[in-house]
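Peer 1: Below: sequence and its predicted model.
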Amino acid sequence: MQRIGIIGGGAWGSALALTARRAGREVVLWAREEEVVAVINRDHANPLFLPGVALDPAIVATRELGEAARGAEALLLVAPAQHLRALAQALSPHLPPRLPLVICVKGIEEGSGALMTEVVADALPEAPLAVLSGPTFAGEVARGLPTAVTLASADRALGERLIAALGTRSFRPYLADDLVGAQIGGAVKNVLAIACGIVMGRGLGDNARAALITRGLAEMVRLARVKGGRSETLMGLSGLGDLVLTCTGPQSRNQSLGVALGEGRGLAEILAGRHSVAEGVTSAAAAAALASRLGVDMPITAAVDAILHRGAAIDVAIAGLLARPFKSEAL
């Protein structure tokens, strides 16, 4: 694979464009915002989403989906989760039937409860799909700091080709075949990071955060199992690795949002001051609804959903979690 198209011009899309260039690939990046395309092509930077990072001058940005797809041997889909269905539908006229698509966004679709592979398969049923997930702060990847990720593909040969196309000494993909588990980990960890932020913003301490991470991991495992994923996937980079990073790293958009909530700020005020998407906000409602429909017990996820979307008071939600009956730690 020599030519890679990247669909999404935010921080993560730009970081992946730099990664692909370091691996020696030709890169065309699609962005929705005209000003982002202009500044990438003119100044080789993306200050709106990835400030302070120089982009490789060979990265070409475009607002035309057809240009990003033309000649590409794989497309990385890096748009926000709730826009992925519309974007996949818009891509349909521009794609050859068997062009590999790598889903690099973490989320669950609101309303349908669909995973991102299910969303893309609805719009582009012939496309081979893979999932790229794991503990990745975009700024660190963009600066070439050591990073390990999961590359999940049901087709081992395709997975190996993608790893050969994207892997470098500092960006190390590990091959897996559990697309469901990789996606559940990536989506639910954002919800749990908001919960961890609330805990820290309320001053409840590191013990509480460690307990929340651990019991949150149990929620991820339960949902993944019911959806057909495997427990061991959630113990890897796309599960535990991503969960720990997002719940403890100060760069986490979702954790910082939770901290602000815990300190007493309103959700609308927090979101109004941000350019980047905190996927956990929408994934909380989608994951809670999906868990309810499937009969999966996810009390932390439900509490975050109640705080964000149902007017629940933070202290009442916390008290509800602490009042739950004692039980076995077994999943």
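Peer 2: Right, received. Where do you want to start?

Peer 1: Could you break this protein into its assigned domains?
Peer 2: 3-177, 180-322 (automatic domain parsing).

Peer 1: Packing partners of the host helix or strand of residue 118?
Peer 2: Residue 118 belongs to helix 116-123 when assigned by DSSP states H and E. Using 3 or more Cβ pairs under 8 Å, 6 or more residues apart in numbering; DSSP states H and E as the contact definition, the elements that helix 116-123 packs against are helix 84-91, strand 101-103, strand 129-133, helix 179-201. Quick note: C-beta positions are derived from backbone N, CA and C, even for glycine.

Peer 1: rerun at 6 Å
Peer 2: helix 84-91 (3 or more Cβ pairs under 6 Å, 6 or more residues apart in numbering; DSSP states H and E).

Peer 1: quick one: terminal-to-terminal distance for stretch 62-76?
Peer 2: Start-to-end span of stretch 62-76 (Cα to Cα, to the nearest Å) is 15 Å.

Peer 1: which residues are contacting it?
Peer 2: With Cβ atoms under 6 Å, 6 or more residues apart in numbering as the contact definition, stretch 62-76 has outside contacts at 1, 3-7, 16, 28, 30, 37, 90-91, 94-95, 100-102, 104.

Peer 1: What strand or helix carries the residue nearest to the spatial centre of the chain?
Peer 2: Nearest to the geometric centre of the chain sits residue 106, at 2.5 Å (Cα atoms, centre = their mean). Here residue 106 is covered by no helix or strand, with elements defined by DSSP H and E.

Peer 1: Please apply the same query to the one 5 residues further on.
Peer 2: Assessed by DSSP H and E, residue 111 sits outside every helix and strand.

Peer 1: what's the neighbour count on the residue nearest to it when sequence neighbours are not counted?
Peer 2: On the basis of Cβ to Cβ, 6 or more residues apart in numbering, the spatially nearest residue to residue 111 that is not a chain neighbour turns out to be residue 286, at 7.7 Å. With neighbours defined by other Cβ atoms under 10 Å, the count for residue 286 comes to 25.

Peer 1: For the stretch 201-331 of the chain, which segments count as helices?
Peer 2: Secondary structure of the stretch 201-331 of the chain (DSSP state H, counting those that start in this stretch): helices at 206-227, 231-234, 242-248, 253-262, 267-272, 280-294, 299-309, 314-322.
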